[in-house]
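Visitor: When you get a sec, could you give me coordinates for this:
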Amino acid sequence: MTDRLGRADLHLHTLASDGTAGIVAILDHVERAGDLDVIAVTDHERIDAALVGRSMARDRGLPFEVVVGEEITTLGGHLLGLWLERPIKPFRSLRATIAEIHDQGGLAIPAHPLTPYPLCAQGFVLRRLLADEPRFRPDAIEAFNPTTLGRPWHDRVVRFAEETGLARVGSSDAHALAAIGMGWTSFPGRGADELRAAILDGATHHHGSFHATAAQLGTFRDQLRKYGRDARAGIGGRLRGDGTGRDLGYPPEHEAAVAAREAALAGREARR
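Guide: Now for the predicted structure:
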């Protein structure tokens, strides 16, 4: 084994939310590419595909680790929650959402920040949080995001990270297989535990290549097709009364296991 730094892509979407590939296809793709040591699955407002991905990667003995994450919609912009075991409630303040992530032992990282768009955390909000108690502070910032949202403001985000001392991570925000690894984070070590320690120590670096102009149009087209399939599956299931659901991108037998796990976690929370 060489002494190269580990590589992680911390922002991936699957068919379970607005991605165009299922978690099985993503695992196969990352295995074939062979250049990532850690990935984080961060679907919008759900963690089921991420839980399945982590379980499958372990069962198959894949040469990379899967971190369970979620991209959470907050009143202050999108926020990546990493190292989660249960979903985070959306549509609350950025401050409250960061606190809940920390309460379950996770890390909180604003996604595609500082862009003048409602789904992105703004600098004045982040500065206020960084002056708050540790429970409410973000742990890092997504300094590289290769998408349309990330490119124009990249230099501004890097300067902000340098001024505030926030750890910098790079991610692909991939919604298609071809985009995985276009943005990535380097860190000392190879595993998820070492990555987590590096983020907390401020020892990570961001890397990547921006999408070419109009390169994401194909992904947008595929997303529209996916939304059409999802709608047809949902409506058809209701009309037939057979409960047929949409394609979540993982084997059906895993769905019951995920539901049972979430029910057990909910019961555990209710007993606290």
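Visitor: Tell me the pLDDT of Ala256.
Guide: Per-residue pLDDT puts Ala256 at 62.
Visitor: ditto for Ala214
Guide: 82.
Visitor: Can you tell me how far it is from Val24?
Guide: Going from Ala214 to Val24 by Cβ to Cβ, to the nearest Å gives 29 Å. Heads up, the C-betas are built off the backbone N, CA and C, glycines and all.
Visitor: What of Pro118?
Guide: Distance from Pro118 to Val24, by Cβ to Cβ: 33 Å.
Visitor: do the same with Gly105
Guide: Applying Cβ to Cβ to Gly105 and Val24 gives a distance of 27 Å.
Visitor: ok, Ala214 and Val24, which is more surrounded?
Guide: Val24 (18 against 9; other Cβ atoms under 10 Å).
Visitor: in what helix or strand does the more buried one lie?
Guide: Secondary structure assignment for Val24, by DSSP states H and E: helix 23-33.
Visitor: helix or strand right after that helix?
Guide: That would be, after helix 23-33 and using DSSP H and E, strand 38-41.
Visitor: next one: that next one to chain centre, how far?
Guide: The chain centre lies 7 Å from the centre of strand 38-41; the measure is Cα atoms, centre = their mean, to the nearest Å.
Visitor: just checking, what packs against it?
Guide: For strand 38-41, the packing partners by 3 or more Cβ pairs under 8 Å, 6 or more residues apart in numbering; DSSP states H and E come out as strand 6-12, helix 23-33, helix 48-60, strand 65-74.
Visitor: same question for that strand, mean pLDDT?
Guide: Strand 38-41 shows a mean pLDDT of 98.
Visitor: How many residues are close by Ala33?
Guide: 12.
Visitor: ok, it touching Ile180?
Guide: Yes: with contact defined as Cβ atoms under 8 Å, Ala33 counts as touching Ile180 (7.4 Å).
Visitor: Pretty sure Gly150 sits in a helix.
Guide: No: Gly150: not assigned to a helix; according to DSSP: H, G, I helix; E, B strand; the rest coil it is coil.
Visitor: ok, now how distant is it from Asp242?
Guide: For Gly150, the distance to Asp242 (Cβ to Cβ) stands at 42 Å.
Visitor: so who does the residue nearest the centre of the chain touch?
Guide: With distances taken as Cα atoms, centre = their mean, the residue of the chain nearest its centroid is Thr42 (2.5 Å). Thr42 is in contact with Leu10, His11, Leu12, His13, Ala50, Gly69, Glu70, Glu71, Leu80, Gly81, Leu82, counting by Cβ atoms under 8 Å, 6 or more residues apart in numbering.
Visitor: redo that, cut-off 7 Å
Guide: Applying Cβ atoms under 7 Å, 6 or more residues apart in numbering to Thr42 gives the contacts His11, Leu12, His13, Gly69, Glu70, Glu71, Leu80.
Visitor: would TSV of the residues you listed with pLDDT and distance to Ser186 be doable?
Guide: Output for the contacts of Thr42, formatted as TSV (pLDDT from 0 to 100; distance: Cβ to Cβ, whole Å):
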residue	pLDDT	distance to Ser186
His11	98	15
Leu12	98	17
His13	98	22
Gly69	98	18
Glu70	98	23
Glu71	98	22
Leu80	98	18
